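Chemist: Next comes the sequence, and after it the predicted model I'd like to discuss.
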Amino acid sequence: MDLQDFVQQEGGSEEDKIAAWNLFQQAYEFQMQGKLDEAVSYYKQSLEKFPTAEAHTFLGWTYSFRGQLSEAIEECHLAIKIDPDFGNPYNDIGAYLIEMDQLNEAISWFERATNAKRYESPAFPHMNLGRVYERKGDWDEAIMSYKQAITLNPKYLAAKQAMMRLIGLMN
């Protein structure tokens with residue numbers, strides 16, 4: 001999402017949206033620098049100016065870096081309430097559930113992510129489904145999921161490696 005997309009969202013003043021966008025960008029920079037407390041603060045300030053699914057999702061991602069998976073999941077649920085078509089929070093909830101060793105629960109979240117109307121990286125939930133099925137010992141389903149990830153993103157090296165590793169183990 002760029003600034004133009006951000007400003008075109010419904011509600012709020014253009015001034016608040018621009019301020020929220022700038023705070024979101026600063027938060028992301030802090031997050032990438034590992035300054036998680038600052039990132040959390042700036043994401044929250046962005047949300048106060050103009051709440052977006054992206055800011056909630058990225059705040060959740062920051063919480064996950066701090067090991068706060070319940071808070072991360074809560075932020076994803078808030079993101080989904082704002083924009084149920086945005087795929088990232090569905091995938092992220094599934095990823096957090098994997099970390100919590102709740103594999104069966106993760107599957108439905110990844111499936112929802114694969115059906116999202118708005119998702120910049122649609123190969124990710126397929127890769128994550130592959131990871132779940134592989135951990136559950138369902139290698140055929142895992143390979144199918146990895147293949148789908150590769151179909152969506154032919155340059156997805158991790159999916160290619162995972163698929164080839166499993167095929168090698170099956171032979």
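Modeler: Ah, there it is.
Chemist: would you list every one of the strands in this protein?
Modeler: Secondary structure of the chain (DSSP state E): no strands present.
Chemist: can you list the domains in it?
Modeler: Per the record's domain assignment (automatic domain parsing), the chain is made up of the domains 11-106, 121-171.
Chemist: Including mean neighbour count, mean pLDDT and distance to residue 112, could these go into CSV?
Modeler: Using the backbone N, CA and C atoms, a C-beta is placed for each residue, glycine as well. Converted to CSV, the domains of the chain look like this (neighbours: other C-beta atoms under 10 Å; pLDDT from 0 to 100; distance: least, C-beta to C-beta, whole Å):
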stretch, mean neighbour count, mean pLDDT, distance to residue 112
domain 11-106, 19, 96, 4
domain 121-171, 17, 96, 8
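Chemist: Compare those domains and report which one is nearest to residue 114.
Modeler: With C-beta to C-beta as the criterion, residue 114 lies closest to domain 121-171 of the domains of the chain, at 4.9 Å.
Chemist: so how far is the closest one off the chain centroid?
Modeler: Average the C-alpha atoms of domain 121-171, do the same for its chain, and the two points are 18 Å apart (C-alpha atoms, centre = their mean, to the nearest Å).
Chemist: before we move on, what about stretch 13-20?
Modeler: Counting by C-alpha atoms, centre = their mean, stretch 13-20 is centred 24 Å from the centre of its parent chain.
Chemist: Then stretch 117-127?
Modeler: In terms of C-alpha atoms, centre = their mean, the centre of stretch 117-127 is set 9 Å apart from its chain centre.
Chemist: before we move on, what about stretch 43-57?
Modeler: If you compare the mean C-alpha spot of stretch 43-57 with that of the full chain, they lie 15 Å apart, counting by C-alpha atoms, centre = their mean.
Chemist: Name the residues that touch that stretch?
Modeler: The contact list for stretch 43-57 (C-beta atoms under 8 Å, 6 or more residues apart in numbering) reads 1, 6, 9, 11-12, 16-17, 19-21, 23-24, 27, 58-59, 62, 75-76, 78-80, 82-83, 86, 88-89, 92.
Chemist: As JSON lines, the domains of the chain with distance to residue 115 would be great.
Modeler: Written out in JSON lines, the entries for the domains of the chain read as follows (distance: least, C-beta to C-beta, whole Å):
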{"stretch": "domain 11-106", "distance to residue 115": "8"}
{"stretch": "domain 121-171", "distance to residue 115": "9"}
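Chemist: Show residues contacting the lengthiest helix in the chain.
Modeler: Taking DSSP state H as the criterion, the chain has its longest helix at helix 14-32. Outside of helix 14-32, the residues within contact range by C-beta under 8 Å, 6+ apart are 3, 6-7, 9, 12, 36, 38-43, 45-47, 49-50, 52, 54-55, 58-59, 61-62, 65.
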